[in-house]
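S.K.: turn this into a structure:
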Amino acid sequence: MTDEYNESTYGNRISEIYDSWYPEAPQEMIAVLQEMAGPGPALELGIGSGRIALALAERGVDVHGIDASEAMVEKLRAKPGGDRLPVTIGNFSDVAVNEQYSLVFVVFNTFFAMSSQDEQVRCFANVAARLRPGGRFLIEAFVPDLTRYSRGSASQVVGATHVDENEVRLEATRHDQLTQRVTSQHVVLDASGVKLYPVQLRYAWPSELDLMARLAGMRLLCRWGNWRRDPFTADSSHHVSIYELQAG
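M.R.: Here you go, the predicted model:
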């Protein structure tokens with residue numbers, strides 16, 4: 001295992017506990033994605049262990065995926081039906097597939113796993129190239145909240161996210177406001193010892209995503225505050241944004 005963080009590090013490290021931490025996808029999410037995809041095919045960027053893709057496949061959607069982590073895809077393959085989903089291993093900013101899709105989607109803040117603005121812009125352009133006429137690109141992500149970080153040249157947050165009689169989970173995070181990058185370690189302490197699950201993100205504001213979409217020939221179709229389609233407001237902590245490929 002290398003000490004250098006890259007696009008596969010998060011998935012390779014967290015694959016052993018990911019499904020226990022995040023066991024099920026919200027039904028509202030699955031319903032929206034099914035509606036947007038129609039019969040498909042649909043492409044999930046960051047398919048991981050498949051909790052979204054498998055739920056959609058059970059509803060008759062033809063789902064494909066891209067993921068950088070072979071360890072996460074192995075978890076997908078071990079699940080019922082997982083070996084039937086076409087999955088490409090690679091950096092999903094490249095969207096290195098040959099199909100044309102009615103829907104490309106990336107959820108659970110995974111869009112921010114791309115480490116630079118250049119990568120994120122490239123992802124939008126490559127998604128647009130893989131969409132059918134009128135196809136849609138759906139992103140679910142958090143709205144950046146800079147108040148959670150302490151002030152200073154290298155702002156940070158340290159705290160406990162879970163405590164019970166068998167396990168303690170800690171988060172240690174450094175935030176670089178200039179590059180919009182967040183570097184975190186999720187630290188798990190239990191009877192077996194200490195385990196580290198690193199994650200690095202490059203967040204983007206909703207307006208920044210809208211500009212990336214315009215550069216790629218897409219337009220914002222709608223934006224909700226959650227999967228229940230509640231309005232997106234100044235108080236929203238998350239957003240579901242749907243971009244549509246423009247004609248011509």
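
S.K.: sec struct for Phe112, please.
M.R.: helix (DSSP: H, G, I helix; E, B strand; the rest coil).

S.K.: give me the residues contacting the longest helix along the chain.
M.R.: The single longest helix within the chain, with elements called by DSSP state H, is helix 117-130. For helix 117-130, contacts defined as C-beta atoms under 8 Å, 6 or more residues apart in numbering pick out 43, 45, 91-95, 97, 99-101, 104, 111, 114, 137, 180, 202, 204, 208, 212-213, 215-218, 245. Where C-beta positions appear, they are placed from N, C-alpha and C, glycine not excepted.

S.K.: narrow these to those in strands?
M.R.: Residues of these located in strands (DSSP state E): Leu43, Leu45, Tyr101, Val104, Phe137, Arg202, Met218, Leu245.

S.K.: from Thr183, how far off is Leu196?
M.R.: Distance of Leu196 to Thr183, given as C-beta to C-beta, to the nearest Å: 13 Å.

S.K.: ditto for Lys79
M.R.: Counting by C-beta to C-beta, the gap from Lys79 to Thr183 is 31 Å.

S.K.: list the buried residues of the helix or strand harbouring His175.
M.R.: Element membership of His175, judged by DSSP states H and E, is strand 167-176. By 16 or more other C-beta atoms under 10 Å, the buried positions in strand 167-176 come out as Arg169, Leu170, Thr173, Arg174, His175.

S.K.: just the mean pLDDT for the longest helix of the chain, thanks.
M.R.: Helix 117-130 carries an average pLDDT of 97.

S.K.: stretch 31-43 too?
M.R.: On average, stretch 31-43 scores 93.

S.K.: pull the CA atoms of that stretch into CSV?
M.R.: C-alpha atoms of stretch 31-43 as CSV (Å, rounded to 0.1, in the frame of the first residue of the first chain):
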residue,chain,number,x,y,z
ALA,A,31,-37.3,6.7,-7.3
VAL,A,32,-35.8,10.0,-8.7
LEU,A,33,-33.0,8.2,-10.5
GLN,A,34,-35.3,5.6,-11.9
GLU,A,35,-37.6,8.4,-13.3
MET,A,36,-34.7,10.3,-14.8
ALA,A,37,-33.0,7.3,-16.4
GLY,A,38,-36.1,5.8,-18.0
PRO,A,39,-35.1,2.4,-19.4
GLY,A,40,-31.5,3.6,-19.6
PRO,A,41,-28.8,3.0,-20.0
ALA,A,42,-27.7,5.0,-17.0
LEU,A,43,-24.1,5.5,-15.9
